[in-house]
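Visitor: here is my input; please provide its structure:
(one chain, ligands or ions: 2)
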Amino acid sequence: MFFSSKRVALLLGFSIALVTTAFLSLVEGVSNQALLVGWLLAFSSSYILIQVTLDFLVFKEINKIYVMINKLRRRDLSFVEGKETESKINPLRRINREILDYAAHKQKEINDLKKMEEFRREFVANVSHELKTPIFAAQGFVYTLLDGAAEQPKLRKKFLKKAARSLDGLDLLVQDLLTLSQMETGGIKMHYEHFNIQETVQEVFDQLESEAEKKGIALKLESTQSATYVYADRQRIYQVMINLVGNAIKYTKQGDKTITVSFTETAEGVDIVVQDEGRGIPAEDIKRVFERFYRVEKSRARNKGGTGLGLAIVKHIVEAHKSEVQVKSKVGDGSTFSFILPQGDKFSPSLAATPQPEEEEVE
Ligand SMILES: Nc1ncnc2c1ncn2[C@@H]1O[C@H](COP(=O)(O)OP(=O)(O)O)[C@@H](O)[C@H]1O
Ligand SMILES: [Mg+2]
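Guide: Ligands and ions are numbered 1, 2, ... in the order given. Take a look at the predicted model:
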């Protein structure tokens, strides 16, 4: 190193001695011998003083680094937070800074891993709990049958139907879990195509019509045009709409209510809005409804047969289309879920009789 403490001390000592002798020479009657002694004294004392001071400072910095390395070795990263930026000129301080940065980086990694571990543990607990419910129910019905109910044709049918319904719920849950995990690992390929989303929503209405009718709910499609073309994955968007309209029906009480799906063509794309007049979502729960297994009313929603994964899947699919789901809701008045999809092209070849959708990987 060019600026070693010895060189600096030598240089400064020499200069100080030179200045001192220059001043001494101005005093009358000082002999050359005295000047030499003065020079030697000034040089040696300032040399020693400067070197000791520099060494002390360097030693102090090295000691700091040593303490830090020792803490790192003990995985004690408490010193990382709240450190002011050190001078960039002093190389020792720079090393110090670099170690701090490295430690801060490691600390972040550790925190992320801890969060992931916590998330994983919670997820496993949730899945086990959700699986338990239909399995226990089906088990109960099967044992009731074995215990004699099977002998009576009427009871046999009743319990077999109940067991089948529980197993259907189990199947639904496993399917949703699979979809989610595939989406998260990027295992699902998106099949983009140009299609008329009004047709897709009509199919969703056909599927859910009887459920809505039972509750006296009308399903309405609202648009100024007879067709609305989007460029998206038709199958996945069907899944999104089934979940959103399904929820709208599920969380609306029996009565003279309407669920409206509307399409508006904007500069950013087609704005798709699902609006209900249901019970609404409290403000503090709105952000969380997209989390897996999050339900506003824990016990009641479970009885309604949902998996608690619907909106998590909706979020994933919409995000895979580089969009975002917006929610507005007021307790007692109803909820509105909306998202934007890229505008499709009516005359695209993918709208031919046998469409050949192109494939794109989910990120
Ligand atoms: N349209 C809606 N109106 C009121 N609450 C809703 C609506 N959609 C979703 N929610 C709330 O969000 C929760 C999560 O929805 P979801 O992920 O679809 O799970 P699930 O419907 O299986 O319970 C629901 O349990 C419900 O509390
Ligand atoms: Mg749902």
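
Visitor: next, see if the host helix or strand of residue 100 gets close to ligand 1.
Guide: Using DSSP states H and E, the element containing residue 100 is helix 91-146. No. Judged by CB under 6 Å from any ligand atom, helix 91-146 stays clear of ligand 1, getting no closer than 9.9 Å. Any C-beta I mention is one placed from the backbone N, CA and C, and that applies to glycine too.

Visitor: could you tell me the average pLDDT over that helix, please?
Guide: Here helix 91-146 scores 89 as its mean pLDDT.

Visitor: what distance separates it from the centre of its chain?
Guide: Here helix 91-146 is found 13 Å from its chain centre; the criterion is CA atoms, centre = their mean, to the nearest Å.

Visitor: so what secondary structure elements neighbour it?
Guide: Other helices and strands packing on helix 91-146, by 3 or more CB pairs under 8 Å, 6 or more residues apart in numbering; DSSP states H and E, are helix 32-73, helix 153-184.

Visitor: report the buried residues of the last one.
Guide: Read it as helix 153-184. 159, 162-163, 166, 169-170, 172-173, 176-177, 179-180, 183 (16 or more other CB atoms under 10 Å).

Visitor: tell me the angle of it relative to helix 91-146?
Guide: 160 degrees (axes from the mean of the first three to the mean of the last three CA atoms, to 10 degrees).

Visitor: which one of the helices and strands packed on helix 91-146 has the lowest average pLDDT?
Guide: helix 32-73 - the lowest mean pLDDT of the helices and strands packed on helix 91-146, at a mean of 85.

Visitor: now do the same contact list for whichever residue of the stretch 51-200 of the chain sits closest to ligand 1.
Guide: Proximity of the stretch 51-200 of the chain to ligand 1 (CB to the nearest ligand atom) peaks at residue 176, 8.6 Å away. For residue 176, the contacting residues are 307, 309, 310, 313, by CB atoms under 8 Å, 6 or more residues apart in numbering.

Visitor: what's the answer for residue 225, then?
Guide: Per CB under 8 Å, 6+ apart, neighbours of residue 225: residue 263.

Visitor: surely residue 227 meets residue 196?
Guide: Yes. Using CB atoms under 8 Å as the test, residue 227 is close enough to residue 196 to be in contact (4.6 Å).

Visitor: the two: who's more crowded?
Guide: residue 196 (18 against 13; other CB atoms under 10 Å).

Visitor: which ones are touching that one?
Guide: Contacts of residue 196 by CB under 8 Å, 6+ apart are 227, 228, 229, 344.

Visitor: pretty sure the third one sits against residue 341.
Guide: This points to residue 229. No. Checked against CB under 8 Å, the pair residue 229 and residue 341 is beyond contact range at 9.8 Å.

Visitor: so for those two, which residues contact both of them?
Guide: 197, 270.

Visitor: keep only the contacts of residue 176 that also lie close to ligand 1.
Guide: Applying CB under 6 Å from any ligand atom to the contacts of residue 176, those adjacent to ligand 1 are 307, 309, 310.

Visitor: dump those residues into JSON lines; add pLDDT as well.
Guide: As requested, the ones next to ligand 1 among the contacts of residue 176 are exported to JSON lines (pLDDT from 0 to 100):
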{"residue": "307", "pLDDT": "85"}
{"residue": "309", "pLDDT": "93"}
{"residue": "310", "pLDDT": "94"}
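
Visitor: from those, pick the one nearest ligand 2.
Guide: residue 310 (3.0 Å; CB to the ion).

Visitor: helix, strand, or coil at the nearest residue to that closest one once chain neighbours are set aside?
Guide: Once flanking residues are discounted, residue 310 sits nearest to residue 243: 4.1 Å by CB to CB, 6 or more residues apart in numbering. Following DSSP: H, G, I helix; E, B strand; the rest coil, we place residue 243 in the helix state.
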